[in-house]
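Trainee: quick check, what structure comes out for this input:
(one chain, ligands or ions: 1)
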Amino acid sequence: MKDEVLRGFEEQYGKNDSVKAYFAPGRVNLIGEHTDYNGGHVFPCALTIGTYGAAAKRDDRKMRFFSMNFDNGRIIEVSLDDLEKSRTAGWTAYPVGVVWAFEKRGFKLDKGFDMIIYGNIPNGSGLSSSASLEVLTGFILRDLYGFDVTNQDLALIGQYSENNFNGCNCGIMDQFAVAMGKEENAIFLDTADLSFDYAPIKLEGAKIIISNTNKKHKLTDSAYNERRSACEEALAELQKVVDIKGLGDLTEEEFEAHKDAIKDDDRRIKAKHAVYENQRTIEAVAALKAGNLERFGELMKQSHISLRDDYDVTGVELDTLAEEAWKIPGVIGSRMTGGGFGGCTVSIVKDEAVEEFKEKVGKAYREKIGYDATFYTVSIGGGPAVI
Ligand code: GLA
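Mentor: This is a model prediction of the structure:
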């Protein structure tokens with residue numbers, strides 16, 4: 001893809017000797033869903049699919065953007081003196097938001113830049129195409145302007161721009177997984193203090209399969225923000241009776257002992273998911289480290305059930321994919337991944353069952369939902385890079 005983005009850059013902007021090519025991955029979360037804004041644990045990994053880019057600095061205060069993903073693409077021009085205008089500007093609101101977030105941190109761009117991107121993460125699939133673009137932009141800015149920021153800062157800047165420029169109140173998981181990715185490792189991250197450990201994923205005789213619902217409509221942002229508010233209100237109620245900073249501080253037993261402080265049934269059940277899912281994630285990583293993949297898979301299933309029944313973020317498409325997968329003996333585990341309401345499931349499938357998995361799950365999905373799901377066998381990749 002390096003040659004393609006460099007060629008694309010030249011076609012759009014003309015020859016430029018200082019242009020460089022870059023990559024930032026997408027991510028899949030293995031377990032720990034809707035815990036990252038509750039001070040809980042997550043266990044994502046970066047993928048080898050992601051967003052490619054090419055960029056070079058300019059001599060004036062213009063930024064120009066072009067996406068090779070759109071057939072009728074056109075160059076979109078934004079002035080460094082008029083960032084606000086881009087808040088609702090479609091995909092360019094992400095890279096412009098990152099520039100805006102850098103400036104908020106005191107990293108001012110003296111000159112603009114030209115940038116082209118090409119992404120091979122299926123759009124709206126819940127594999128973090130937006131975090132990938134944010135971290136890619138941050139990585140490019142660091143490289144072009146020499147800003148003194150770490151990869152972890154790139155994650156925080158990406159999240160800050162998404163929260164405050166793009167209006168989605170997401171947690172830190174996606175940007176962190178993208179910025180800190182390591183080949184063949186998942187990241188066991190405690191979102192309460194950003195301490196983390198890499199955990200090698202050695203799946204002997206099994207593969208990670210992502211199944212895409214291809215669901216056309218996502219009601220993501222508003223429903224996502226609602227879930228987050230419910231957890232925050234439940235936390236405030238719990239804090240009247242127990243000294244905690246986040247729902248991730250509670251064990252299941254502590255939650256059961258104090259849950260009556262939450263005055264609303266729906267909020268109580270949402271908070272329950274956050275607490276139980278966090279504990280499940282801790283247990284799952286311990287099981288994986290102990291070589292007990294079967295237990296890991298069982299906890300993936302429990303995670304999906306909790307997201308379906310308690311947190312209410314799955315929907316018939318994701319449920320069909322997960323429930324059909326569970327019926328196949330060679331499936332170690334399967335669950336929705338990411339924010340939910342559409343997007344993808346992640347499954348760990350024994351090598352010999354992969355074909356059967358795609359065929360049976362695919363057929364059942366088509367019959368029930370009326371259109372096809374798409375399956376990808378993925379590999380765990382590294383973080384952002386100059387390529
Ligand atoms: C989205 C958000 C993440 C996280 C997940 C759910 O991907 O961007 O911060 O909250 O949903 O686990």
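
Trainee: hey, let's count contacts and neighbours off CA atoms from now on
Mentor: Noted.

Trainee: just the helices in the stretch 201-350 of the chain please.
Mentor: For the stretch 201-350 of the chain, the helices defined by DSSP state H, counting those that start in this stretch occupy 220-238, 252-258, 265-289, 293-309, 316-326.

Trainee: so which of those is nearest the ligand?
Mentor: For those, the distance to the ligand is smallest for helix 220-238, at 7.6 Å, taking CA to the nearest ligand atom.

Trainee: show me which residues of the chain sit near the ligand.
Mentor: Glu33, His34, Thr35, Asp36, Cys170, Gly171, Ile172, Met173, Asp174, Gly338, Gly339 (CA under 6 Å from any ligand atom).

Trainee: same list (the residues you listed) but as CSV, adding pLDDT and secondary structure.
Mentor: Putting the residues of the chain next to the ligand into CSV (pLDDT from 0 to 100; DSSP: H, G, I helix; E, B strand; the rest coil) gives the following:
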residue, pLDDT, secondary structure
Glu33, 98, coil
His34, 98, coil
Thr35, 98, coil
Asp36, 98, coil
Cys170, 93, coil
Gly171, 96, coil
Ile172, 98, coil
Met173, 98, helix
Asp174, 98, helix
Gly338, 94, coil
Gly339, 92, coil
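
Trainee: for the residues you listed, which one is nearest Ser128?
Mentor: Nearest to Ser128 among the residues of the chain next to the ligand is Asp174, at 6.3 Å by CA to CA.

Trainee: what lies in contact with stretch 132-139?
Mentor: The contact list for stretch 132-139, computed with CA atoms under 8 Å, 6 or more residues apart in numbering, reads 22-26, 50-53, 94-95, 98-99, 151, 154-155, 157-158, 175, 178-179, 384-385.

Trainee: ramachandran angles for the closest residue in space to Ala155 that isn't next to it in sequence?
Mentor: Spatial nearest neighbour of Ala155, chain neighbours left out: Gln175 (4.6 Å); criterion: CA to CA, 6 or more residues apart in numbering. Phi and psi for Gln175, reported as degrees, to the nearest 10, are phi -60, psi -40.

Trainee: give me the neighbour count for Gln175.
Mentor: Neighbour count of Gln175, defined by other CA atoms under 10 Å: 32.

Trainee: distance check, it against Lys108.
Mentor: Look at Gln175 and Lys108: by CA to CA, to the nearest Å, they are 22 Å apart.

Trainee: Glu324 too?
Mentor: Distance, Glu324 to Lys108, using CA to CA: 51 Å.

Trainee: mean pLDDT for the helices of the stretch 201-350 of the chain: which is lowest?
Mentor: Ranked by mean pLDDT, these bottom out at helix 220-238, which scores a mean of 92.

Trainee: name the helices or strands packed onto that helix?
Mentor: Applying 3 or more CA pairs under 8 Å, 6 or more residues apart in numbering; DSSP states H and E, we find helix 220-238 packed against helix 265-289.

Trainee: what's the helix it packs on packed up against?
Mentor: If you count contacts as 3+ CA pairs under 8 Å, 6+ apart, helix 265-289 packs onto strand 41-42, helix 220-238, helix 252-258, helix 293-309.
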